[in-house]
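> sequence and predicted structure are below.
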Amino acid sequence: MIFHINRMTFKSDLSEEQRRAGLDLLRQAGEANPAVQSYVVGPDLGGEFEWGAVYVLEDLDGYWEYLTHPAHVRSEMNGMELIDRFEAFDITDSDDPELGDKIAKLQARNYEEHPELAELVAQVPSFTVPDTEGKQQ
């Protein structure tokens, strides 16, 4: 199992309606995607971010399906402009010592295949995902 975790803080000048719309995009990314075993979207309690989302995925194939599913793509394409700060990381019960590298390569492949998304991500003031060594970049 892979627990894909996103933490974020919205831009301070957003309306409550814009914030709700951003959270709805995160919920739809979990609800509409058959690769997602379960998910939760809610406040980041005790953390340094406002909100978080956790998506439970079976394996790497499910991870790729999650990344490329239209609901997830829509959440990224429409949600990145709302974000001031974003962090993603993964937790797994896998014994594969290369899993972190494999996940990072899927993320990189996703941005390579969707340069318009990479451009949006580049505009987020603080955007952190693990690199191929599992370190935050």
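The structure has been received and is ready for your questions. Keep in mind that what you see is a predicted model, and the values were worked out from it rather than measured. Numbering: from 1, shown residues only.

> for this protein, just list every one of the strands.
Taking DSSP state E as the test, the strands found in the chain are 2-10, 36-43, 51-57, 83-92, 126-128.

> with respect to Leu99, which of the ones you listed lies nearest?
Between Leu99 and these, the shortest separation by Cβ to Cβ is 5.8 Å, and it involves strand 83-92. (Each C-beta comes from the backbone N, C-alpha and C, glycine too.)

> show me where pLDDT drops low in this structure?
In the predicted model of the chain, residues 130-137 satisfy pLDDT under 70.

> if we can go back for a sec, with distance to Asp24 added, can I get the strands of the chain in a markdown table?
Putting these into a markdown table (distance: least, Cβ to Cβ, whole Å) gives the following:
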| stretch | distance to Asp24 |
| --- | --- |
| strand 2-10 | 13 |
| strand 36-43 | 9 |
| strand 51-57 | 12 |
| strand 83-92 | 15 |
| strand 126-128 | 21 |
